[in-house]
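> Sequence first, predicted coordinates after that:
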Amino acid sequence: MYDLNKHIARLLQDEPFFAKISLRIVKTATKDIPTAGVMVTETGNFEMLYNPEFFAKLRTDKQRAAVIKHEYYHLIFEHVTGRLPEDGMSKLWNVATDLAINSHLKDELPKKIKVPGSKEKVPLCIPGGEGFEVFPLGRSSEWYYNELKKKSEKDKEFKEQMEQNDSFDEHEQWGNGGKVSSTAEQIAKERAKKIMKDSMEECQQKAEGYGSVSRSVISEIKERVTPKLDWRAVLKFFVNASQKANKSSSVKKVNRRYPYIHPGKKTSRAARIAVSIDQSGSVGTELLKKFFSELEKLASLAEFTVIPFDTKVDTDKVFVWKKGEKNKFKRVFCGGTCFNAPTDYVNKHKFDGHIVLTDMGAPKPKNSKCTRLWITNSYWAAGCFNTHERILTVD
């Protein structure tokens, strides 16, 4: 009998992200289902059920790995933990979720799979494939679901096809169909987020990459597992936290604790903040304009030194954005990207904090002598170098 547990490491050897998810999923052989499926257990854990005969009859390891990834994508996209349209579970939703997933597996899954115990070959739901040529690749489950509904309402034959179409894998154990308590479902939702977060962090720490998982999917996962923060508020906090107090004695100010024994202290606070703006050609003008508008608001708090850069820093282009001042956006570079250039400038001039607006499209730079904050969008953050410094997304 085919034992998936014995082969799982080999099947996912080129898929570090899926391999790390797999370590956290129980795999159980059963002939109660025709192919495979993922479900939530009564304890809020995840279990992948698989039919050993089905896996044994698949022709290649590539196809077996694709089926495993298909199941894990259901976890990644939260199909197992309650992501449903307003109309609830239906065959259309089953098809829609498979269309969304198989967009990422189009060249790996066979167009048809024979289900054990059946003479019929069940067509897989692949956009652009048999019966689904009208649908493009790479859309969400909700998008496919809405399009399926529209087409079913207009095309009677298509509607009948949808009613007869069953997903090649098992979806009946999702949500309430799995007969698990609402508490178990809630635990599973939080556990799924932790699985995704931990798996991503391990891939980053070991610099293994994510295998075949696209940057757009990783970006979506990061967006889902990252606590939502107002990036403007974080910037404001960063500026305030970077301010250093300058104290001097004052004969005019009475020391409250030791009046007339020790001189009073006059305190002024000023932050020396460097704002390095990546002006390489890959950074969009709209994002640069958006950031400039926010700097204008932050200028009410402190003075900034603006450092435009691409592969270099031109000292003639560096300017001080004075407190309360307004400045018009201006692009002054349009080359490649090197983060060491602004880092060297900031280290040399002894700033208290360093903010870098960038697309993260360059190797990890040398260490900064002051606290450094990276600002980008979620798409670029998904493919950036590994760092323990804060990366703030502005989507």
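Now that the structure is in, tell me what you want to look at. Residues are numbered from 1 along each chain as shown.

> And what about the nearest residue to Asp14 once chain neighbours are set aside, helix, strand or coil?
Closest residue to Asp14 apart from its sequence neighbours, by C-beta to C-beta, 6 or more residues apart in numbering: Gly211 at 6.0 Å. Glycine gets a C-beta too; all of them are placed from N, C-alpha and C. Classification of Gly211 by DSSP: H, G, I helix; E, B strand; the rest coil places it in coil.

> List the buried residues for the longest helix along the chain?
Assignment by DSSP state H gives helix 182-205 as the longest helix of the chain. Within helix 182-205, the residues scored as buried using 16 or more other C-beta atoms under 10 Å are 184-185, 187-189, 191-193, 195-196, 199-200, 203.

> can you check stretch 61-74 too?
The neighbour-count criterion (16+ other C-beta under 10 Å) identifies Gln63, Arg64, Ala65, Ala66, Val67, Ile68, Lys69, His70, Glu71, Tyr72, Tyr73, His74 as the buried residues of stretch 61-74.

> Equivalent analysis for stretch 83-97, please.
Of all the residues in stretch 83-97, those buried under the rule 16+ other C-beta under 10 Å are Arg83, Leu84, Ser90, Leu92, Trp93, Asn94, Val95, Ala96, Thr97.

> Quickly name whichever of the residues you listed is closest to His171.
Lowest distance from His171 to these (C-beta to C-beta) belongs to Asn94, with 4.9 Å.

> Just the buried residues of stretch 61-74: which are in helices?
By the criterion of DSSP H, membership of the buried residues of stretch 61-74 in helices covers Gln63, Arg64, Ala65, Ala66, Val67, Ile68, Lys69, His70, Glu71, Tyr72, Tyr73, His74.

> Same list, these, but as CSV with distance to Leu12 and pLDDT please.
Shown next, in CSV, are those (distance: C-beta to C-beta, whole Å; pLDDT from 0 to 100):
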residue, distance to Leu12, pLDDT
Gln63, 14, 91
Arg64, 10, 93
Ala65, 6, 95
Ala66, 11, 93
Val67, 12, 92
Ile68, 7, 95
Lys69, 8, 95
His70, 13, 93
Glu71, 12, 93
Tyr72, 9, 95
Tyr73, 13, 94
His74, 16, 93
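
> Need the max-distance pair from those.
Maximum distance among these (C-beta to C-beta): 17.5 Å, for Gln63 and His74.

> could I get the buried residues of helix 182-205 as CSV with distance to Val234 and pLDDT?
What follows is the buried residues of helix 182-205, written out as CSV (distance: C-beta to C-beta, whole Å; pLDDT from 0 to 100):
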residue, distance to Val234, pLDDT
Ala184, 35, 84
Glu185, 32, 85
Ile187, 30, 88
Ala188, 30, 89
Lys189, 26, 88
Arg191, 28, 91
Ala192, 26, 92
Lys193, 21, 89
Ile195, 26, 93
Met196, 23, 93
Ser199, 25, 94
Met200, 21, 91
Cys203, 25, 90
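
> Which parts of the stretch 1-150 of the chain are helices?
Taking DSSP state H, counting those that start in this stretch as the criterion, the stretch 1-150 of the chain carries its helices at 4-11, 16-22, 52-57, 61-76, 91-102, 141-154.

> Could you export the ones you listed as TSV, including distance to Cys384?
Listed next are the helices of the stretch 1-150 of the chain as TSV, based on distance: least, C-beta to C-beta, whole Å:
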stretch	distance to Cys384
helix 4-11	28
helix 16-22	16
helix 52-57	37
helix 61-76	20
helix 91-102	26
helix 141-154	27
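
> Out of the ones you listed, which is closest to Ile355?
Proximity to Ile355 (C-beta to C-beta) singles out helix 16-22 among the helices of the stretch 1-150 of the chain, at 30.1 Å.

> quick one: the closest residue to Ser181 other than its chain neighbours and Ser182, what's the gap?
If the residues on either side of it in the chain are set aside, Ser181 comes closest to Glu42, at 7.3 Å by C-beta to C-beta, 6+ apart. Relative to Ser182, Glu42 is positioned 12 Å away (C-beta to C-beta, to the nearest Å).

> now Val217
For Val217, the distance to Ser182 (C-beta to C-beta) stands at 28 Å.

> Same question for Glu53.
35 Å.

> swap in Asp359?
Taken as C-beta to C-beta, the span from Asp359 to Ser182 is 42 Å.

> List just the nearest of the buried residues of stretch 83-97 to Asp316.
When those are ranked by distance to Asp316 (C-beta to C-beta), Arg83 comes first, at 53.1 Å.

> which residues touch that closest one?
Phe77, Ser141 (C-beta atoms under 8 Å, 6 or more residues apart in numbering).

> Quick check: can you list the domain ranges of the protein?
4-224, 231-393 (automatic domain parsing).

> Least reliable of the ones you listed by average pLDDT, please.
For the domains of the chain, the weakest mean pLDDT is recorded on domain 231-393, namely a mean of 79.

> circling back: nearest to Trp380 among the helices of the stretch 1-150 of the chain would be which one?
Of all these, it is helix 16-22 that lies closest to Trp380, at 18.3 Å by C-beta to C-beta.

> contacts for the closest one?
Contacting residues not belonging to helix 16-22 are listed as 8-9, 12-13, 68-69, 72, 75-76, 195-196, 198-200, 202-203, 206, 208-211, 213, 218 [C-beta under 8 Å, 6+ apart].
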